[in-house]
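>>> Sequence first, then the predicted structure:
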Amino acid sequence: MGNIFSVSFSTEDITGRCCDCATSRANYICKLEENQVTLRKELQKLRELRNDVSRKVDVAERQQMKRLDQVQGWLSRVEAMETEVIQLIRDGAETIGEKRLCGSCCPKHYISSYKLGKNVVRKIQHVVTLMADGRFEEVADSVPPAPVEALSSGPTVGLESAFNEIWRCIGEENVGIIGLYGLGDEIQNEIWEKVGFCDDKWKSKSRHVKAKDVWKALSKKRFVILLDDMWEQMDLLELGIPPPDQQNKSKLILTTRSQDLCCQMGAHKKIQVKSLAWKYSWDLFQKYVGEDTLNSDQEISELAEMVAKECCGLPLALITIGRAMASKATPQDWKHAIRRLQTSASKFPGMGHRVYPVLRYSYDSLPSKMVQSCFLYCSLFPEDVTISKERLIYHWICEGFLDEFDDMIEVKNQGLSIINTLLHACLLDETSNTCSVKLHDVIRDMALWITGEMGEMKGKFLVQTSAGLTQAPEFVKWRMAERISLMANRIEKLTGSPTCPNLSTLLLDLNSDLHMISTGFFQFMPNLRVLSLSDTKIDVLPSDIFNLVSLRYLDLSGTEIKKLPVEMRNLVKLKSLKLFRTFKLCSIPGGLISSLSMLQMVKIYRCGCYESDGNESLVEELGSLKYLTNLRTTIATAGVFETFLNSGKLLSCTHALCLKIFNDSISLNISSLQTVKLLTWLRFEDFDTLREITFYWAGKYSNFSSKVESSYGLGTVYILRCRVLKNLTWLTFAPNLKFLTVEECGEMEEVIGIGAEDIGNMSPFGKLKRFKLFYLPELKSVCWNPLPFIYLERIVVGGCPKLKKLPLNSSSAKENRCVIRGEEKWWNEIEWEDAATLNAFLPYFEATSEQGA
């Protein structure tokens with residue numbers, strides 16, 4: 001090892017000097033001074049030897065070697081010997097001084113002097129022996145690295161719950177592989193360095209032989225292996241890693257941004273590491289900005305919170321932006337930073353070269369260009385908005401991203417599969433509503449960075465949402481664009497004729513002041529496929545819009561449009577037409593809808609067009625559409641409702657239905673709706689004479705649950721302004737109901753009637769999540785017995801003074817935190833099943849200041 005050395009001593013002189021002491025006791029005393037000198041010399045030699053050995057040990061330890069136990073023992077003995085010899089020399093000095101004062105060979109205390117002299121001679125012999133023992137060939141040896149290395153790291157903020165869950169999993173015997181997701185050979189080498197030696201001989205071995213060696217080493221151990229930042233599946237057996245199981249009790253922890261990869265690696269437990277909650281985000285941001293900056297001006301602290309919120313809990317962004325703002329000590333600097341983050345975050349210091357490239361790897365790892373295009377399309381929507389999955393899929397269909405299928409269900413399934421891929425890659429976020437998703441603000445900024453600055457994508461997206469625009473951006477920016485989004489601005493009118501030969505999507509939604517688009521505006525947009533004008537004040541469509549022969553998606557929902565021009569029949573490729581909440585729409589020309597023969601989605605729902613015949617002709621036209629798969633419509637007379645129920649085509653494709661007015665109808669039988677298998681949304685409104693809604697199930701009550709579960713998916717029901725309706729007992733036949741709202745039904749006395757217990761094993765509201773009751777002055781009861789609300793999240797009550805009892809007991813919503821909102825006075829007058837029920841719900845009561853708030 002390069003640490004070999006030898007030491008030799010001649011003991012002849014020493015023995016000669018001490019021989020007389022061995023034959024004559026007097027010599028112990030007489031030669032004490034001479035022997036003291038010898039002892040000093042030998043101690044000095046021992047010290048020099050000790051220093052040599054220690055120096056060699058230090059050199060070896062710097063080379064990550066470990067000193068031998070026998071070397072450590074010898075050094076300890078030398079230290080003890082040094083202490084003993086020093087004390088003996090001091091004692092001898094006193095005796096020699098005494099002897100000189102007496103002028104005699106023998107001191108005054110003969111016996112003690114004799115013992116001292118004898119000890120000096122023995123100590124000389126011990127020192128000589130100890131020096132001989134210090135003849136080491138090696139002072140240190142190489143050892144394998146420690147099985148666990150402590151690495152320096154910064155503090156973890158807001159991850160306590162994730163850590164606790166990981167520790168729980170490590171303690172569970174049936175959990176061997178743990179996958180954390182959220183935002184070859186090298187591995188074999190790393191493992192071998194931990195369990196053996198990664199030398200030249202090892203490096204020359206084949207991958208297969210390395211795997212066998214790793215397997216032999218690990219199969220004898222109980223191990224924990226962390227595979228960090230994984231992007232592709234690895235075969236543990238090919239690497240030589242024994243799969244963790246209950247027998248070997250080992251653990252494998254992997255981190256990745258892909259939930260799918262956790263599944264591919266066979267993770268027994270998958271843990272999502274979510275964005276930081278606000279408290280922890282703010283703590284982390286303050287740490288990197290620093291107290292001096294935050295306290296330098298009273299206004300900065302408030303502005304700093306606004307900047308931190310732009311990061312939406314993403315630690316990398318919080319740290320990067322926090323460091324960049326650490327030197328900004330004026331409110332003007334912080335206001336400028338907020339503006340830049342909201343309008344051009346990629347230009348903020350550190351974001352373009354530190355944050356986005358790290359996040360982009362998730363984008364680059366998506367399985368195809370098509371999925372990447374679908375992801376980038378999501379960035380067209382404003383920050384912090386939830387995006388309807390259905391809307392996304394129809395946009396993708398009309399843009400041509402998705403494959404062509406004869407069966408529209410297959411296309412939708414493909415769209416949902418892409419959304420799940422993006423969710424599992426942590427590029428989209430779930431929301432509380434399973435029908436929508438959300439794009440994390442920083443992920444959205446990364447997507448805009450890709451489309452705005454990355455090679456072939458540059459200039460193809462023009463996105464200025466929620467930017468406070470009062471007029472459109474300069475048309476020169478439109479020329480190269482393929483997709484433009486100006487959503488959620490304050491644009492009042494659009495004039496001129498921008499030249500956009502490649503434009504395929506134009507989103508102008510949520511410009512609540514937009515009331516005019518001049519004729520000629522759409523003149524040079526020959527390839528426009530998706531046009532959305534929802535929630536604007538547009539009341540007249542410019543004539544050139546009907547020359548958009550490539551248009552496939554037109555959304556006029558929430559506009560003030562009064563009529564649809566007959567020229568709209570020129571839009572022969574239109575697949576989706578949305579007229580939701582067009583309350584001022586009073587006329588749809590006969591034959592217009594049937595002429596748009598490629599329509600797949602029609603949303604003429606809650607609009608104002610009700611002719612004297614209740615739009616019976618419109619219902620007939622809808623039934624003639626060959627490719628229609630998604631219908632949401634309103635019916636205003638009993639006769640048209642009958643026509644609807646007799647159309648097999650419409651029954652097979654209706655997703656939402658609004659029934660209203662039905663003049664002079666006292667009773668309404670909706671039993672036939674059980675055959676509308678896609679119906680998820682049902683609304684009753686503005687019935688002045690309707691007293692009851694009836695529903696007769698075709699099968700026996702004892703078989704009801706299994707039949708309904710598979711055939712009746714009604715999830716949302718609204719009952720609004722049904723003046724004389726007494727109850728909603730028919731809801732017993734809606735076992736999948738999740739959301740129920742009842743408002744302004746002046747004579748309603750109960751929701752589920754007293755006679756409903758005759759239905760047998762029926763239990764209403766088994767899947768109910770949210771329940772709202774507003775302005776029901778006669779309502780006394782919701783249900784005859786307490787119910788097990790397994791999924792209930794919220795009850796809201798307002799303007800129901802006679803409702804004194806809720807269908808709850810201490811076991812209701814037992815597994816959930818159910819919030820109850822209502823007026824304080826109403827809450828105080830509730831009659832509870834027992835004290836345990838009150839105690840169960842009291843912590844979750846939220847008082848409202850106004851009725852129905």
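On my side now, so go ahead.

>>> and stretch 74-81, how far from the chain's centre?
Mean-position distance between stretch 74-81 and its chain equals 60 Å (CA atoms, centre = their mean, to the nearest Å).

>>> again, but for stretch 219-235
Put simply, stretch 219-235 sits 23 Å off its chain's centre (CA atoms, centre = their mean).

>>> For the helix or strand harbouring residue 55, the averaged confidence score.
Assigned by DSSP states H and E, residue 55 belongs to helix 32-62. For helix 32-62, mean pLDDT rounds to 87.

>>> Check which residues of it are buried.
For helix 32-62, the buried set under the neighbour-count rule, 16 or more other CB atoms under 10 Å, comprises 32-33, 35-36, 38-39, 42-43, 46, 49-50, 53, 56-57, 60. (Glycine included, C-beta is placed from N, CA and C.)

>>> same check, this time on stretch 244-264
So for stretch 244-264, counting by 16+ other CB under 10 Å, buried means 244, 248, 250-262.

>>> Distance from it to the middle of the chain?
How far stretch 244-264 lies from its chain's middle: 19 Å, per CA atoms, centre = their mean.

>>> Let me see the mean pLDDT of it.
For stretch 244-264, mean pLDDT is 82.

>>> All the strands of the stretch 251-400 of the chain, residue numbers only.
For the stretch 251-400 of the chain, strands defined by DSSP state E, counting those that start in this stretch occupy the ranges 251-256, 269-272, 386-388.

>>> Turn these into CSV, including distance to residue 729.
Listed next are these as CSV, based on distance: least, CB to CB, whole Å:
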stretch, distance to residue 729
strand 251-256, 51
strand 269-272, 42
strand 386-388, 32
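
>>> Can you tell me the closest non-neighbouring residue to residue 143?
Leaving out its chain neighbours, the residue that sits closest to residue 143 by CB to CB, 6 or more residues apart in numbering is residue 66, at 4.9 Å.

>>> tell me the SS of the one you found?
Put simply, residue 66 is strand when judged by DSSP: H, G, I helix; E, B strand; the rest coil.

>>> Doesn't residue 650 lie inside a helix?
Yes - assessed with three-state DSSP, residue 650 lies in a helix.

>>> Report the contact partners of it.
Contacts here follow CB atoms under 8 Å, 6 or more residues apart in numbering; on that basis residue 650 touches 619, 622-623, 631, 644.

>>> hmm, 7 Å instead?
Contact analysis of residue 650 by CB atoms under 7 Å, 6 or more residues apart in numbering lists 622-623, 631, 644.

>>> What does the pLDDT read for it?
96.

>>> gap between it and residue 576?
Applying CB to CB, to the nearest Å, the value for residue 650 to residue 576 is 17 Å.

>>> just residue 306 next, same as before
Remark: distance between residue 306 and residue 576 (CB to CB) = 38 Å.

>>> returning to what we had before: widest-spaced pair of the buried residues of stretch 244-264?
Based on CB to CB, the longest span within the buried residues of stretch 244-264 runs between 248 and 257 and measures 28.6 Å.

>>> Just the CA atoms of stretch 401-418, as PDB, please.
Provided in PDB are the C-alpha atoms of stretch 401-418 (Å, rounded to 0.1, in the frame of the first residue of the first chain):
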ATOM      1  CA  PHE A 401     -54.900  16.600 -34.400                       C
ATOM      2  CA  LEU A 402     -56.800  13.400 -33.700                       C
ATOM      3  CA  ASP A 403     -57.100  10.400 -36.000                       C
ATOM      4  CA  GLU A 404     -60.100  10.000 -38.200                       C
ATOM      5  CA  PHE A 405     -62.500   7.400 -36.900                       C
ATOM      6  CA  ASP A 406     -65.900   6.500 -38.300                       C
ATOM      7  CA  ASP A 407     -67.000   6.100 -34.700                       C
ATOM      8  CA  MET A 408     -67.100   9.400 -32.800                       C
ATOM      9  CA  ILE A 409     -66.800   7.500 -29.500                       C
ATOM     10  CA  GLU A 410     -63.400   6.300 -30.600                       C
ATOM     11  CA  VAL A 411     -62.200   9.800 -31.300                       C
ATOM     12  CA  LYS A 412     -63.300  11.000 -27.900                       C
ATOM     13  CA  ASN A 413     -61.600   8.100 -26.300                       C
ATOM     14  CA  GLN A 414     -58.400   9.000 -28.100                       C
ATOM     15  CA  GLY A 415     -58.800  12.600 -26.800                       C
ATOM     16  CA  LEU A 416     -59.400  11.400 -23.200                       C
ATOM     17  CA  SER A 417     -56.300   9.100 -23.500                       C
ATOM     18  CA  ILE A 418     -54.200  12.100 -24.600                       C
END
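
>>> sorry, back to before: looking at residue 306 and residue 576, which is more packed in?
More crowded of residue 306 and residue 576, by other CB atoms under 10 Å: residue 576, with 23 against 14.

>>> which stretch among the strands of the stretch 251-400 of the chain comes nearest residue 349?
strand 251-256 (27.7 Å).

>>> Okay, now the sheet partners of that closest one, with direction.
Note on strand 251-256: by DSSP bridges, its sheet partners are strand 177-181 (parallel), strand 224-230 (parallel).

>>> Tell me which residues are up against that strand.
170, 176-181, 224-231, 244, 262, 265.

>>> repeat for stretch 433-452
Residues outside stretch 433-452 that contact it (CB under 7 Å, 6+ apart) are 275, 310-312, 314, 317, 345-346, 352, 356, 359-360, 363, 375-376, 378-379, 381, 383-384, 386-390, 419, 423, 427-431, 457-458, 460-461, 463.

>>> With stretch 626-641 instead?
The contact list for stretch 626-641 (CB under 7 Å, 6+ apart) reads 408, 597-607, 610, 614-616, 619, 622, 644, 650, 653-662, 665.

>>> as a whole number, average confidence for that stretch?
93.

>>> in that stretch, what's buried?
628-637, 640-641.

>>> Ok, stretch 339-358 next?
Across stretch 339-358, burial judged by 16+ other CB under 10 Å covers 340-342, 345-346, 348, 350-351, 355-356.

>>> Distance from the chain centre to it, please.
With CA atoms, centre = their mean, you get 21 Å for stretch 339-358.

>>> Contacts for that stretch, please.
The contact list for stretch 339-358, computed with CB under 7 Å, 6+ apart, reads 307, 310, 316-317, 320-321, 323-324, 445-446, 448-449, 452-453, 467.

>>> cutoff 6 Å now
The list of residues contacting stretch 339-358 from outside it, by CB atoms under 6 Å, 6 or more residues apart in numbering, reads 310, 316-317, 320, 324, 445-446, 449.

>>> okay, how far is it across it, tip to tip?
Across stretch 339-358, the terminal residues are separated by 24 Å (CA to CA, to the nearest Å).

>>> pLDDT of it, averaged?
Stretch 339-358 comes out at a mean pLDDT of 76.

>>> Strands along the stretch 751-853 of the chain, start to end?
So, for the stretch 751-853 of the chain - with DSSP E, counting those that start in this stretch - the strands run 770-774, 794-798, 819-823, 845-848.
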